[in-house]
Structures are given as C-alpha cells and as structure tokens.
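Engineer: Below are the sequence and a predicted model for it; my questions follow.
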Number of protein chains: 2
Amino acid sequence: MNRLELLKKLSQKNKKKMVMLILDGLGGLPDIKTERTELEEAACPNLDSLAKVSICGLSVPIAPGITPGSGPAHLSLFGYDPLKYDIGRGVLSALGIDFPMTRKDVAARINFCTVADDGETILDRRAGRISSSKNRELAKLIEENIKIPGVEIFFRTEKEHRAALVFRGNHLSDKITDTDPQVNNEKLLECHATDGSPEAKHTAELVNKFVPMVRDLLKSYHPANMILARGFAKLPDIETMEEIYKLNCAAIATYPMYRGLAKLVGMEVLSAPKTNEAEFELLEKVFPDYDFFFVHIKHTDSMGEDGNYAAKVKVIEEVDKLLPRLTALDPDVIVITGDHSTPSQLAGHSWHPVPFMLYSKYHRPDHVEQFGERECYRGLLGTFPALNTMTLMMANALKLKKYGA
Amino acid sequence: MNRLELLKKLSQKNKKKMVMLILDGLGGLPDIKTERTELEEAACPNLDSLAKVSICGLSVPIAPGITPGSGPAHLSLFGYDPLKYDIGRGVLSALGIDFPMTRKDVAARINFCTVADDGETILDRRAGRISSSKNRELAKLIEENIKIPGVEIFFRTEKEHRAALVFRGNHLSDKITDTDPQVNNEKLLECHATDGSPEAKHTAELVNKFVPMVRDLLKSYHPANMILARGFAKLPDIETMEEIYKLNCAAIATYPMYRGLAKLVGMEVLSAPKTNEAEFELLEKVFPDYDFFFVHIKHTDSMGEDGNYAAKVKVIEEVDKLLPRLTALDPDVIVITGDHSTPSQLAGHSWHPVPFMLYSKYHRPDHVEQFGERECYRGLLGTFPALNTMTLMMANALKLKKYGA
C-alpha cells in the first residue's frame, strides 16, 4: 500500500482543528557578523514560547542536498511526494491567476519578449519587463483576435511580462517542447511532440500555428512584439486533501502561486488578503468554518531572495507579533515551518533543512528553548522528510485510525 | 523520477572543486583499555580543526546493520545505490589491474591453487601464495597456449596467487556458477548456467572446456597446478559520474580494487602512487586539472583487518599530518570519511556508521569539536545514508539547480 492509500484508509473526521503556518523560505545560514541565522537573530518571544511546548526538528523538503522550487516544496508539506507528482510550470501559472483549469486544458507559462526584425531572434526574454497594464492590453488583444478551429484559447496576464496560455479542447497533450530557448540572442524554437501519440503531434501543431499568428498581431507592439511559451502541462491527476485526509481545508495566501498550489490539492482559497496582519485577521474570521488552515507568509522568502538579512529578520519578527492571534484561537495542532530555506547569504532557495515545530496536546516534549535552526536540531523530531508533516499533524489531531489489528 | 535521474537533471558545471578523502575502514569500536576508538585515540589536530568548521555526522554505508564489502561501500559514496548496482568480483578484479573491459566481456576472479594427483581435490586454495612473478609466468603460459574458437581469452596476473580471467565474445553471459567451492579438501565444481538462456549455457560450456585445458597445461607446475574461478561478471550498465554529475573526476588510490571502482564510474585513474604522502603530492600536482578528486587511503582498513589497534591509530595520525597539504589547496568542498568501519576489535569490516565531515562555505556549523565517532554523532548531519554523500557535496558546491518552480 502506498503512503496516500494508507492515509486515505486511516483518516477519520473529528472536530479538531489544525493550522499550518508556512513562512516561505524560513531557513537560513549564519550571518558572518552575527554568526546567527535570520531566525536565530530575530527577537521572537512568541515563537520561542510555542517552541518550548512543541516538538521541534528540521524538515527536509525533497531529499538531502536538493534545493526545491516552491511547487514541489509545498506538495511535500501537503503530503504529496514531489518526485511523483510533477506539476508543470504552465499549471502553476494558470492556477496562480485563479484560472479555472479543467482536465481538457493544456497550460503554458508565457513571457512577452522582444524579437529582432526577423521575428525570431530573441533580444530580450522579458520585453524590458513591460507593465502589468500593458500586458493586460496585449493579452486581451491576443485572446480576442486569435481563433483556431477546434480549440478554445485563453491568454491571461500574470504580472509584468508574464502570462498564462491555456488551450482547451479534446485530445490535447502536454508531451510537447517549449518554444522558449531560455536565453537571449537565440531563435525561437519550434514546438515538437516528445512522445509518439497523435495527441502530442496535434497539440504541437496547434502551438506552431498559434505562434506566427501572435507574431503578426504584435508586430507593431515593440518591445513586447513576441511571446515565448514553456512548461506546457495538464492538470496532474491528484487526489484532493479532502479525499485523502477527510479535511475541509482553507488556504490564506497573498501570492498567486501558493493560492494555485492550494487549489490544486483541493483547498478552498479564501479571498486574498494583502498583508500579514490581514491574513491573521482572515484566519480569525473563518476559524469556525474549516478543519485545516494553510496560512502562507511570502516575504520571508522574498527578503531572503533579495539577500537582505535584516529585512528577513524583520519579517520573522512581524509574524512573531501576530502569532498570539493564532494561538488565541486554540487550534488543536499547529505546525510552523517553511517550505524550504532561503538564506539571505545565498540570495536564493537552498537545500538546508528547515526549522519546524509542531504543537499539540499529545506529543513528548523536548528540550528546545528557542525556535531556530540549531535549537530545532536538538528537537525530538530530528531531521526528517517534510513529506511526514501532514501525517504527524493528522496523528496529533487524533485523526488517524490504527493500522491493522 | 529516481535519484540518479534527478541528479542528472539538476547537476550543472561550475568552477568549484571537491575532494573526497576516504580513509578505508575508518570507523572503529572503543578499545577495552583506552575506551576510545582508533580515531578517538589518534592525535589528529588537523582533522579536529577541520571538523570544527565542518558539518559532521555518521554515515551508514548500505543500510543499518549491514556490513559492506569495499565495492558496495564505495558505490554508495559515489551516489550509486549498491543494492541496485551489483558489481561482480570478476569485474572488480579485471578493472583493478587496469584491464580494459568491454561490454562483450565476462570476467572472473582466479586463484591459482594446489590440487591433489586426481587433478580435482583442492589441497590449498592459494597455492602457497606463489610469488607475483611466478603468477605472471603462468598467466602468460595460459594466455598464449589456450585457444578456444569463437572466444578471446585473457588471463592476467593480479598479485600473489590472484589473477583475472576474461572471456570476450558474442553472446556471453555471467549467469553462471563458480568452479571454486571456497574451501580446501573439496573438489572443483563444474560450471552451470543459473538461468535458462542459451548464452549462459554456452558460457558455462566454455568454462568447462577451459578448465581441463588449464589442468593439462599446469600439471607440472606444483604448487600452482590448477585454478579456481569465481564471481563471473559482466560490466554493469552504469552511467558515469561525468554523465550524472557533469564532473571531471580523478582518482588517486594505491590499491587496484579502488582504482577499478573509480574507473567503473568513469573517473580518470591517475598513475598509482605508492605511499600516503605520494598520494597527497599527486593531488597537489593535478589539482588544477579536475573538478572532483577521490583520494583513497588503504592502510586504515588493512590495520583494522589485522586487528592492530595501535597501527590503525598510527595510520590515522599519518594522514592527519598530511592533511594541511590538502586544505592548503583550498577546495570548495571537502568530505573526509571512510567507506565503512573496520574495528580492530573485530579484525574485519563492520556495520557501524562511519565518522563523516563535510567542509564548505555554505553549511550551518555544528558544535563538533573533534573528529571521532561519538563527537560526529552530535553533528548536524546526524546518522544518514552514505548514498547522500555526493548529493550533499554537489549542493555545497552549488552544482545542483533548483528542482521545480
């Protein structure tokens, strides 16, 4: 029996409530001056108090040494093996803008780009980062003007130069290659089928028909005079968290991609709050209505990506100040962790295990005094796969029946 | 996606350099008198200093409780699951003498032995450990005089009574049994096919034709008047480290088997230095030319196998004195560990996890003050599979791209 089958078999409903608070990119590396990580440096009395009555550890998002993107890292936290469930870039883009994908859709991540007069050589893969409003204008132009019989075409703005393209039709396949060579000064690529199926051949032909139509349409819209498509993908065949865990799940997240990920696993995505405080406020409001809450804080990661140690420390301190509003709700199980590490020293995601705490009434306490990387290592959970997170939460909420007699 | 596919997909070239220093059989057990293991007892200020700025742990070569041979233990360190890649004894023998094996070859480990007048009963499986020069004389005799149509036969000296036999031809199989019963005073065994394939039947017949020809030829060469063959094996279908990790790898090792293992995974094996010091000298010389260096120290294991606690301590101290020559090269990543434990108390390989340290600029420091079994247990890496070694090295050299978006 595989993991999810087992969980599905054992999970049971009860009234206990669980909160998973994700500080994106939480883990860090010691700063050269302070010799402390961002979390170790941050003054966070509330996180520390909760850590003292929690069970702590370090979680490994995918596998030792592997640096995850946000997609796979969140799948792990939700209990889906990210090496098994591969979510294409196109799907993440479409879900991230609340596009209601169906099983008939193939989605791609689009960049508006600048091409030379030959219409093929890429001068700037990001078209000078055009504004989102310009993007919306062009997206509308494309969606309204380009028609190909037998397929419905959706072309929707993400942000700046980024957009999502969705083909909807019968017999479409995502086994096709990108038109985006991923570097400037090269030519756009033809789209090819990567398997021998007629569906893949058909879909590649559609793309190769669509692209020149866009070229003609955008000719006069320099710098955004062309598009690049990558990560063609269909919805993965994934069971929802409700089906697996029998949970009524809500997602509270400011950023599109995380909302998309939550939707993918069947969570109800609540209207997007703009600030950390608004996220906690929304949690208070809807707390009676769901069993499970995924609350996502984005800026720990953004500040880490910017290489801004002090700013990442500050975001952690802000969240710490908000934490009493969460604990006041008295959830039965609380997990606080990150999806991966984003050390400001590396200005990017990294492979380092992530500080993790789980609060419930039913664990063995450990001797962790502070929520930080080196303290968490002393925790009773040790260094463990992030894929275990939901199982541990479910167990601590007494939502898993005994396996076998 | 499996491990190696993932690593292959994520690995990228950069200029960072890595050194893997293997002290064979490094791990030990506490001596009854000193109550310290060999490594704990050794005065090794340089290893201790490096451990202080490294991340430490204990590595498990194959699986908890499993005592590995050198072949599987090294495969693990190189990132190949030793339970998946089974390397036959014959292949190790052939590679260990720099024999250029091809995919058409079946190799076996040979012992010259002494048989009774009946030509079948084994009196001494090692023929009184004949000299290597006598071995070379007999090997030449066999290779030059025994011809079987349809197959090319190579018979090459390893050392003392040991040799390698290689059959080269079309449709050969390694699914055949040994002629070596592995004990004295028994009769030589017939070779049998172990599967139903015509290839295995054909190869077993070749062996059963070859053996009596050797008997006739060696009749007058007592004590080496016969041979025993075991571990018939073809080259495993294994991707090279260059293919997987995009690394330009060099191996520095005094002993044939380790050179053979390195060659098997596609490393360039450099001309064999005779002493530990010569190995470090060679490392200095070739350091500009490769990305990855496997440096193998044999005598820690040999002394452990001899049950000689004091001598094993001394080898560790010798390597410690040479260590500054390695660190002076300033590699970006250094791993120092063993392939397995060889406690002198057991006078043989054992299952005990192996002291491990990884130095890089990008890890969280732990509180390990000394390179030793019990100190390493306190390290941030904890007790972990040796199979993770290469992934961790690659991550710390920033040679792995992010997985997923």
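Structural biologist: Arrived safely, thanks for sending. Numbering: from 1, shown residues only, chains lettered A, B, ... in the order given.
Engineer: three-state assignment of A:Asp82?
Structural biologist: Rather than Asp, residue A:82 is Pro. At A:Pro82 the chain is in coil, as set by DSSP: H, G, I helix; E, B strand; the rest coil.
Engineer: which non-adjacent residue is nearest it?
Structural biologist: Computed as Cβ to Cβ, 6 or more residues apart in numbering or on different chains, the closest residue to A:Pro82 that is not its neighbour in sequence is A:Pro72, at 3.3 Å. Heads up, the C-betas are built off the backbone N, CA and C, glycines and all.
Engineer: And for A:Val91?
Structural biologist: A:Ala233 (4.5 Å).
Engineer: check contacts around that neighbour.
Structural biologist: A:87-91, A:106-108, A:174 (Cβ atoms under 8 Å, 6 or more residues apart in numbering or on different chains).
Engineer: hang on, the earlier thing: tell me if I'm right that the residue nearest to A:Pro82 and B:Gly404 touch.
Structural biologist: Yes. Assessed by Cβ atoms under 8 Å, A:Pro72 is found in contact with B:Gly404 at 3.9 Å.
Engineer: List the residues that contact A:Glu317.
Structural biologist: A:42-44.
Engineer: Redo these as CSV? Include neighbour count, pLDDT and distance to chain B.
Structural biologist: Converted to CSV, the contacts of A:Glu317 look like this (neighbours: other Cβ atoms under 10 Å in any protein chain shown; pLDDT from 0 to 100; distance: Cβ to the nearest Cβ, whole Å):
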residue, neighbour count, pLDDT, distance to chain B
A:Ala42, 23, 98, 16
A:Ala43, 11, 98, 20
A:Cys44, 23, 97, 18
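Engineer: Mind checking which of those residues land in strands?
Structural biologist: Among the contacts of A:Glu317, none falls in strands (DSSP state E).
Engineer: List the backbone torsions phi and psi for A:Ile32.
Structural biologist: In terms of degrees, to the nearest 10, the main-chain angles of A:Ile32 are phi -60, psi -40.
Engineer: measure it to chain B for me?
Structural biologist: 10 Å (Cβ to the nearest Cβ, to the nearest Å).
Engineer: Spit out the contact partners of that residue.
Structural biologist: Per Cβ under 8 Å, 6+ apart, neighbours of A:Ile32: A:Gln345.
Engineer: at 10 Å what do you get?
Structural biologist: Contacts here follow Cβ atoms under 10 Å, 6 or more residues apart in numbering or on different chains; on that basis A:Ile32 touches A:309, A:345.
Engineer: How about A:Asp117?
Structural biologist: Applying Cβ under 10 Å, 6+ apart to A:Asp117 gives the contacts A:123, A:222, A:225.
Engineer: so it is in which element?
Structural biologist: Here A:Asp117, judged by DSSP states H and E, is contained in no helix and no strand.
Engineer: State the distance from it to A:Arg215.
Structural biologist: Here the criterion is Cβ to Cβ, to the nearest Å. By it, A:Asp117 lies 12 Å from A:Arg215.
Engineer: Give the residues shared as contacts by those two.
Structural biologist: Contact with both A:Asp117 and A:Arg215 is made by residues A:Asn225, according to Cβ under 10 Å, 6+ apart.
Engineer: Show me which residues of the stretch 101-250 of chain A are close to chain B?
Structural biologist: Residues of the stretch 101-250 of chain A lying close to chain B by Cβ under 10 Å from any Cβ of the partner chain are A:109, A:231.
Engineer: Most proximal residue of the stretch 101-250 of chain A with respect to chain B?
Structural biologist: Ranked by Cβ to the nearest Cβ, the top residue of the stretch 101-250 of chain A for proximity to chain B is A:Gly231, at 7.5 Å.
Engineer: list the contacts for the nearest residue to that residue once chain neighbours are set aside?
Structural biologist: Closest residue to A:Gly231 apart from its sequence neighbours, by Cβ to Cβ, 6+ apart: A:Arg89 at 2.6 Å. Applying Cβ under 10 Å, 6+ apart to A:Arg89 gives the contacts A:69, A:71, A:107-109, A:164, A:178, A:229-233, B:404-405.
Engineer: who's the residue nearest to A:Val91 bridged to?
Structural biologist: Counting by DSSP bridges, A:Ala233 is bridged to A:Ala107.
Engineer: Please identify the helix or strand for A:Arg259.
Structural biologist: Using DSSP H and E, A:Arg259 maps to helix A:256-264.
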